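Novice: Quick check, what structure comes out for this input:
(chains A, B, C and D)
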There are 4 protein chains.
Amino acid sequence: MATHRFAPAAWHSVLAKLPAALRVADGDTVITETIDAAGYDKDGVARASGPNPMNGPVHVEGAEPGDVLQVDIVRMTPIRATGWTRAALAGNVVDPERVRDLPPRDRADWIIDAKAGTVQLKDTVPGLEQLILPLEPMIGCFGVAPAGGHAISTATSAENGGNMDYRGFGPGARVWFPVFEPGALFFLGDCHAIQGDGEIVGTGVETAMEVEVRLSLLKGRKQVWPRGETGKTIYTVGNARPLDQALQHATTEMFDWLTGDYGLSAVAASHLMGQVVRYEVGNVFDPAYTMVCRIEKKWLPESQRPR
Amino acid sequence: MATHRFAPAAWHSVLAKLPAALRVADGDTVITETIDAAGYDKDGVARASGPNPMNGPVHVEGAEPGDVLQVDIVRMTPIRATGWTRAALAGNVVDPERVRDLPPRDRADWIIDAKAGTVQLKDTVPGLEQLILPLEPMIGCFGVAPAGGHAISTATSAENGGNMDYRGFGPGARVWFPVFEPGALFFLGDCHAIQGDGEIVGTGVETAMEVEVRLSLLKGRKQVWPRGETGKTIYTVGNARPLDQALQHATTEMFDWLTGDYGLSAVAASHLMGQVVRYEVGNVFDPAYTMVCRIEKKWLPESQRPR
Amino acid sequence: MATHRFAPAAWHSVLAKLPAALRVADGDTVITETIDAAGYDKDGVARASGPNPMNGPVHVEGAEPGDVLQVDIVRMTPIRATGWTRAALAGNVVDPERVRDLPPRDRADWIIDAKAGTVQLKDTVPGLEQLILPLEPMIGCFGVAPAGGHAISTATSAENGGNMDYRGFGPGARVWFPVFEPGALFFLGDCHAIQGDGEIVGTGVETAMEVEVRLSLLKGRKQVWPRGETGKTIYTVGNARPLDQALQHATTEMFDWLTGDYGLSAVAASHLMGQVVRYEVGNVFDPAYTMVCRIEKKWLPESQRPR
Amino acid sequence: MATHRFAPAAWHSVLAKLPAALRVADGDTVITETIDAAGYDKDGVARASGPNPMNGPVHVEGAEPGDVLQVDIVRMTPIRATGWTRAALAGNVVDPERVRDLPPRDRADWIIDAKAGTVQLKDTVPGLEQLILPLEPMIGCFGVAPAGGHAISTATSAENGGNMDYRGFGPGARVWFPVFEPGALFFLGDCHAIQGDGEIVGTGVETAMEVEVRLSLLKGRKQVWPRGETGKTIYTVGNARPLDQALQHATTEMFDWLTGDYGLSAVAASHLMGQVVRYEVGNVFDPAYTMVCRIEKKWLPESQRPR
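Specialist: Numbers count the residues shown, from 1 in each chain, chains lettered A, B, ... in the order given. As a prediction, this is how the structure comes out:
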């Protein structure tokens, strides 16, 4: 189980079947420095053009279509003392006629203090003088090459993951992606120092990070959409527009999980989901929105609880 | 500040300008027994036909259009040892072609143990033999008479509240409704012993409860959609379809709150909301879906924090 | 089959179970003068406040819940030489960020020449100097009292009709509404001299008209949503948001019609609808959007064609 | 202006920057035989796997990003006497709970008589014994390579066209696609003998055709979404989900066209569009739905009318 330091020579704005930039074995760890959503690196040097240039793809030896790639986000360390956001709510998250009331979508700069674990606006904004936010790193965009020879923009997301902009994808998260191409071909980038639900200004605090992930393979699992677990919960992820359809995907995937791996009947799965699911909003800004459906492990049938 | 025990002689399946069933003063407390969503009371006797028969309306002396009615949910006590749900996910929350895989929407009975604080299925369902859920009471449907002489079905919701089926509306919740008619004309009913996010089987555990609420008036506040607060957060509620529009309403209302009462500029409100909002899903079953937008009070401008 | 001249003393901004303003027999004709969407009459005098004040309700003797009310729009004659519109596309019909590019929603005046059959802007607008539109009268809002004691705003629409703003509802149209209350309680108003699909500026050319309708009852028909026919087509109407759901309602109603009255199997109805339906957009401005699903009568099974 | 007979050696299920299969000059005509949506050719031989295998790409000499590719559909001739459809409405076009009432999505065969110009079911379906539909050929999927190195599935559509399944794309149609890659890289396939609005059974009558198109370049035109014209109308095409967003794209593109090339002010464009646009539904089955916004040329400012 080796650890690879991966310094990309090029970045990609699609998730696609591209030549592997790194080859690793099942269970290996990858440490890599990402650049920000606009392509600027830790030194503020433009290395690629946006949106969301990706490090990768990483080829995981032995991964075959039908397998599942397990991604453990081990660590995310900011490597730049600055980040940026947009200074206005996105037009699509307010009542349509109210877009006229929104300010211009200017860029705003933020100070990231990795040691103190804080994030704050660089320039004083009246009313927010005291606003010191916690550093809550997350990966905005990651996933694997999609099926069918598609090359999907890193602006959006689908069954293979992508630009989900969900704040749950931070250190400690374990995420499972269905594998569609040999080697899985894993990509990551677009890290945020913090982000609210929905990514409703169209950005988190966009910055460069050193990210450590462990990549493992699971054989014989069937899944359509990304899944994940934390110590206490399992969850599924749906990506689509409108938000209603993202919710349908996430809900169907959870239903399939409970009636599949957990062996519940459709009635039992309905009873359980009906009274205990929790939904969380990833982004409502990108072409595909993201909805997460979560259940606490303590409610799962005991005999079949994972791990 | 009197306490009124209110025993309705009739129930309503609309929120509308109807003759007051009870008149109270600003700050008074009302204790009332609700019947379940199908109209059955604590003894299992059919008292009204569904959907969601309401106790009320309660006329609050002095309430005028433009005021805000503050509803504190003081206590909710189950008064029936049984509740019921539907045994299948609703068709609209799964991928359309998958509706074929859903079981019939049969009724299932649950045992509510108010002393133990538990809720469980009456009949054994394989895989759920151990499922003992906590009692987490909530009001499914409550609100005030709408504007314009409308009579809005208790199946749905709007600016005046209604059938929001949001599990956050339990004991301890403080909710503010805009007042559209003299006396506000407050209604409540449709209590659930527990419910997951989204009310995705179309019900929580539907039952009868004794509910204690305190009704107070706020003058000179402007709001369009329901708002609320907890000890640590403030929140807004949007009701509409699709979920995207419910989110737009909730987000716009929070934006108006921050730029209004809290005095933030549009840029400051955008910065704050972009990095700290949390969204929660009320129901995705009723004609209007419900989305909640929440912010922790600690992020609000200090000088203007409420209370 | 009498003809009634109906001059309302009051107007309503809800469709609801209200005291009848006129009682007619099955098959009678009603001639009435409507006021415009903002409540101004043929002389420009404010008679009611908006939105869309209705003439009615008209009680049709013998109408019972479960019947169908047939409305034949016999004639629509403009009775005011002016109409008005809004001068900007509605925010919800353009890409959200583009709302910033829209002009203010000012009011614009139009000249209606009933004899010449033309409609044109009152003030010169560069580029539109030559724009002379045909008079194409339509009823924006009409329908019957809804079920369940609801009082539905004339801003929106539902199973009972209402503010559908569909340009197909002009002279010659035959429309069927399900009856929910004794007497059906028919309302109409909000006439337009012309309107494009979608009512995308939020108005047609709003004006006052003399409208002649014939009201008849059909017994033993089952329908959920409005239906209609022209000489060569039959159609169904769905009202909801998003447009996808309006389309689902209209499509389901057509499916029910074909598999019900026309006796087709579900497979036959699918084949027919799949290759011959036409969709038309009513409004995409009001709270509920409107979609029409239409089939040419020549494709219907011969033995069961109506009339 | 040469005419090329193009017999593909391979087919593609993405629209992407792929090696040109044919190179033509501006103004040249291409005649090519397409295979059906499932990959079967005129002889019923499987030549490629679905969905919607494309002939192409055709490189048009001189085409540069920022140009517009004009596609004239000159002729479509069925080259197989059979087509096929699905025998059930798609789950997403009916009310969700009603999906349970739909038949299985079996395949049904149809007879195409090119000489007689008719299309009919191969096997007798009760109630449809007399159903003889007209041959109304259309291209289900066509367009150009998208921007950004994307490879977009032929199951869906975007700014570059793709699987729009709009019955207006038949012989006589002139369509303009924005060019994103050198040579434009034009693809086409997925021809239908007939199709209703919405493609609501998920197919038209899927078959193989000989298609003749003329490909020309326009320099200096700006457009974001596909546009087109007929003798009497101009139109724009939006592709997205929900249908509301497809409509927003099409409407915005028409607004840009009128305020751009036609020189109207935003107010004038709003007036014109508000009273004269017509919407047509392409498909409501594919991942992205398709909406068309159309205006009659007679309403355009005279001095700037095209041609």
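
Novice: My read is that A:Ser205 contacts A:Thr85, right?
Specialist: That one is not Ser; residue A:205 is Val. Yes: using Cβ atoms under 8 Å, A:Val205 and A:Thr85 qualify as a contacting pair, with a distance of 5.7 Å. Every C-beta, even on glycine, is put in place using the N, C-alpha and C of the backbone.

Novice: Quick check: neighbours shared by the two?
Specialist: Taking Cβ atoms under 8 Å, 6 or more residues apart in numbering or on different chains as the criterion, A:Val205 and A:Thr85 both touch A:Trp110, B:Gln275.

Novice: can you give me the helices in chain A?
Specialist: Chain-ordered helices for chain A, with DSSP state H as the definition, fall at A:243-259, A:266-276.

Novice: what about dumping the CA coordinates of the first one to PDB?
Specialist: Just to be clear, that refers to helix A:243-259. The C-alpha atoms that make up helix A:243-259 are tabulated as PDB, following Å, rounded to 0.1, in the frame of the first residue of the first chain:
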ATOM      1  CA  LEU A 243     -33.500  19.500  -7.500                       C
ATOM      2  CA  ASP A 244     -36.600  17.200  -7.500                       C
ATOM      3  CA  GLN A 245     -34.900  14.800  -9.900                       C
ATOM      4  CA  ALA A 246     -31.600  14.900  -8.000                       C
ATOM      5  CA  LEU A 247     -33.700  13.900  -5.000                       C
ATOM      6  CA  GLN A 248     -35.400  11.100  -7.000                       C
ATOM      7  CA  HIS A 249     -32.000   9.700  -8.000                       C
ATOM      8  CA  ALA A 250     -30.600   9.800  -4.400                       C
ATOM      9  CA  THR A 251     -33.800   8.300  -3.000                       C
ATOM     10  CA  THR A 252     -33.900   5.500  -5.600                       C
ATOM     11  CA  GLU A 253     -30.300   4.700  -5.000                       C
ATOM     12  CA  MET A 254     -31.000   4.400  -1.200                       C
ATOM     13  CA  PHE A 255     -34.000   2.300  -1.900                       C
ATOM     14  CA  ASP A 256     -31.900   0.000  -4.100                       C
ATOM     15  CA  TRP A 257     -29.200  -0.200  -1.500                       C
ATOM     16  CA  LEU A 258     -31.600  -1.200   1.300                       C
ATOM     17  CA  THR A 259     -33.600  -3.700  -0.900                       C
END
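
Novice: does any part of that helix sit near chain B?
Specialist: Yes: judged by Cβ under 8 Å from any Cβ of the partner chain, helix A:243-259 and chain B are in contact via A:Leu243, A:Asp244, A:Leu247, A:Gln248, A:His249, A:Thr251, A:Thr252, A:Phe255.

Novice: which other helices and strands contact that helix?
Specialist: Helix A:243-259 sits against strand A:233-240, helix A:266-276, strand A:278-281, strand A:289-296, helix B:243-259, with contacts defined as 3 or more Cβ pairs under 8 Å, 6 or more residues apart in numbering or on different chains; DSSP states H and E.

Novice: now the angle from it to helix C:243-259?
Specialist: 70 degrees (axes from the mean of the first three to the mean of the last three Cα atoms, to 10 degrees).

Novice: and helix A:243-259, how far out from the chain's middle?
Specialist: Taking the mean of its C-alpha atoms, helix A:243-259 sits 18 Å from the chain's own mean (Cα atoms, centre = their mean, to the nearest Å).

Novice: and if you look at stretch A:249-266?
Specialist: Centre-to-centre, stretch A:249-266 and its host chain are 22 Å apart (Cα atoms, centre = their mean).

Novice: Need the residues of helix A:243-259 next to chain B in CSV (columns: neighbour count and pLDDT).
Specialist: Conversion of the residues of helix A:243-259 next to chain B to CSV gives the following (neighbours: other Cβ atoms under 10 Å in any protein chain shown; pLDDT from 0 to 100):
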residue, neighbour count, pLDDT
A:Leu243, 30, 98
A:Asp244, 24, 98
A:Leu247, 29, 98
A:Gln248, 24, 98
A:His249, 25, 98
A:Thr251, 27, 98
A:Thr252, 23, 98
A:Phe255, 26, 98
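
Novice: Let me have these in CSV, adding distance to B:Ile112 as columns.
Specialist: Rendered in CSV, the data for those read as follows (distance: Cβ to Cβ, whole Å):
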residue, distance to B:Ile112
A:Leu243, 33
A:Asp244, 32
A:Leu247, 28
A:Gln248, 31
A:His249, 33
A:Thr251, 26
A:Thr252, 30
A:Phe255, 26
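
Novice: and the helices of chain A as TSV, adding distance to C:Ile194?
Specialist: Compiled in TSV, the helices of chain A are given as follows (distance: least, Cβ to Cβ, whole Å):
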stretch	distance to C:Ile194
helix A:243-259	35
helix A:266-276	50
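
Novice: Flag the shaky bits of chain A, pLDDT-wise.
Specialist: A:303-307 (pLDDT under 70).

Novice: How about the residues of it by chain C?
Specialist: Chain A comes close to chain C at residues A:Ala90, A:Gly91, A:Asn92, A:Asp95, A:Pro96, A:Glu97, A:Arg98, A:Val99, A:Arg100, A:Leu102, A:Arg105, A:Pro242, as judged by Cβ under 8 Å from any Cβ.

Novice: which among those gets closest to chain D?
Specialist: The closest of those to chain D turns out to be A:Pro242 (Cβ to the nearest Cβ; 4.9 Å).

Novice: what separates that closest one from C:Gly282, distance-wise?
Specialist: Relative to C:Gly282, A:Pro242 is positioned 20 Å away (criterion: Cβ to Cβ, to the nearest Å).

Novice: who's more crowded, these two?
Specialist: For A:Pro242 against C:Gly282, the residue with the higher neighbour count under other Cβ atoms under 10 Å in any protein chain shown is C:Gly282, and the figures read 31 against 23.

Novice: residues touching the more buried one, list them.
Specialist: With contact set as Cβ under 8 Å, 6+ apart, C:Gly282 has these partners: C:164-168, C:197-199, C:237, C:239, C:246, C:289-292.

Novice: So which of those wins on neighbours?
Specialist: If you rank the contacts of C:Gly282 by neighbour count (other Cβ under 10 Å), C:Met164 sits at the top with 33 neighbours.

Novice: for the residue nearest to it when sequence neighbours are not counted, what are its contacts?
Specialist: On the basis of Cβ to Cβ, 6 or more residues apart in numbering or on different chains, the spatially nearest residue to C:Met164 that is not a chain neighbour turns out to be C:Thr290, at 4.4 Å. Counting by Cβ under 8 Å, 6+ apart, C:Thr290 touches C:Ser157, C:Met164, C:Asp165, C:Tyr166, C:Val237, C:Gly238, C:Asn239, C:Ala246, C:Val281, C:Gly282, C:Asn283.

Novice: A:Thr82 now?
Specialist: The neighbourhood of A:Thr82, defined by Cβ under 8 Å, 6+ apart, consists of A:Gly44, A:Asp109, A:Trp110, A:Ile111, A:Ile112, A:Lys122, A:Thr207.

Novice: tell me the phi and psi of the spatially closest residue to A:Ser49 that is not a sequence neighbour?
Specialist: Distance criterion Cβ to Cβ, 6+ apart; nearest residue to A:Ser49, sequence neighbours excluded, is A:Gly39 at 5.2 Å. Dihedral angles of A:Gly39 (phi, psi; degrees, to the nearest 10) stand at phi 100, psi 10.

Novice: tally of neighbours for A:Gly39?
Specialist: As a burial measure, the neighbour count of A:Gly39 was computed by other Cβ under 10 Å and equals 18.

Novice: and the nearest residue to A:Ala63 once chain neighbours are set aside, how far is that from chain C?
Specialist: Excluding the flanking residues, the one nearest A:Ala63 by Cβ to Cβ, 6+ apart is A:Ala184, at 3.9 Å. Distance of A:Ala184 to chain C, computed by Cβ to the nearest Cβ, to the nearest Å: 35 Å.
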